[in-house]
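**Q** Sequence isn't available, so here's the structure alone:
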């Protein structure tokens, strides 16, 4: 988690994403926005630590020095997984650390002091996070039947606040390979010039951050 957060911050500080930005012509403003983004990303990481495993989550499970037991397993709708040696284990409703402990306890019958690590590779309930200067910041589920765009997500979050800087809206995306990207969305190009292609479609776990206008 810390590595991914560091990667996200490095991308933001490097100014990835392209497009015109007031923060690029004003270094102090860029620093303020980077600090604000760092804060919201830390909030998201904290929420993920407290996350309770649910049905359809894809778990990446490793057992220290037991490579033959490493598995990628999908949690059933009953909240169960089937793991080698121990069979069915109930992990639904548990935090990651609780699930690691539960599986370790079961494996103690077969292994000496097993050390289990669980990483959520894919969330069953796919969400995006809309944070910063919107009326109702928080997480929102992606629809299964259609794409959700940046402006549609902002609309779900109640729209921009009066002190928002819409043209500096950022989408922060972390790929399955651990690489991070930051895209800057020029909202006025979409709403005033009709450039609909700039209203990018969102992917699971994208973070939309709307900064405050400092002018």
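**A** Good, I have the coordinates. In this text, all values refer to a predicted model and were calculated from it rather than measured experimentally.
**Q** Where do the domain boundaries of this protein fall?
**A** 2-15+125-210, 58-122 (automatic domain parsing).
**Q** where among the ones you listed is the average confidence lowest?
**A** Mean pLDDT is lowest for domain 2-15+125-210 among these, at a mean of 81.
**Q** thinking again about what came up before, could I get the domains of the chain as TSV with distance to residue 52?
**A** (C-beta placed from N, C-alpha, C; glycine too.) Below are those laid out as TSV (distance: least, Cβ to Cβ, whole Å):
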stretch	distance to residue 52
domain 2-15+125-210	11
domain 58-122	5
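**Q** could you dump the ones you listed to a markdown table with mean neighbour count?
**A** Below are those laid out as a markdown table (neighbours: other Cβ atoms under 10 Å):
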| stretch | mean neighbour count |
| --- | --- |
| domain 2-15+125-210 | 16 |
| domain 58-122 | 15 |
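**Q** wait, which of those is closest to residue 51?
**A** For those, the distance to residue 51 is smallest for domain 58-122, at 6.9 Å, taking Cβ to Cβ.
**Q** Quick one: end-to-end length of the closest one, please.
**A** Using Cα to Cα, to the nearest Å, one end of domain 58-122 lies 5 Å from the other.
**Q** Please verify my assumption that residue 123 contacts residue 57.
**A** Yes. Using Cβ atoms under 8 Å, residue 123 is in contact with residue 57, at 5.9 Å.
**Q** neighbour count winner among these two?
**A** residue 57 (22 against 17; other Cβ atoms under 10 Å).
**Q** Now do the contacts for the more buried one.
**A** 74, 75, 120, 122, 123, 124 (Cβ atoms under 8 Å, 6 or more residues apart in numbering).
**Q** again, only this time at 6 Å
**A** Counting by Cβ atoms under 6 Å, 6 or more residues apart in numbering, residue 57 makes contact with 75, 120, 123, 124.
**Q** what do you get for residue 63?
**A** Counted by Cβ under 6 Å, 6+ apart, residue 63 has contacts 69, 114, 116.
**Q** what separates it from residue 155, distance-wise?
**A** To residue 155, residue 63 is 45 Å away according to Cβ to Cβ, to the nearest Å.
**Q** What of residue 192?
**A** 17 Å.
**Q** again with residue 96
**A** When residue 96 is compared with residue 155 (using Cβ to Cβ), they lie 32 Å apart.
**Q** Quickly find the element holding the closest residue to residue 196 other than its chain neighbours.
**A** Distances taken as Cβ to Cβ, 6 or more residues apart in numbering put residue 190 closest to residue 196, at 6.4 Å, once the chain neighbours are dropped. Assigned by DSSP states H and E, residue 190 belongs to helix 187-191.
**Q** what's the answer for residue 154, then?
**A** helix 150-156.
**Q** rewinding a little: pick out whichever of the contacts of residue 57 sits closest to residue 163.
**A** Using Cβ to Cβ, those come closest to residue 163 at residue 123, 31.7 Å.
**Q** what pLDDT does the closest one get?
**A** Value listed for residue 123 in the pLDDT field: 76.
**Q** what about it, distance to residue 183?
**A** From residue 123 to residue 183 the distance is 21 Å (Cβ to Cβ).
**Q** and what of residue 137?
**A** Counting by Cβ to Cβ, the gap from residue 137 to residue 183 is 19 Å.
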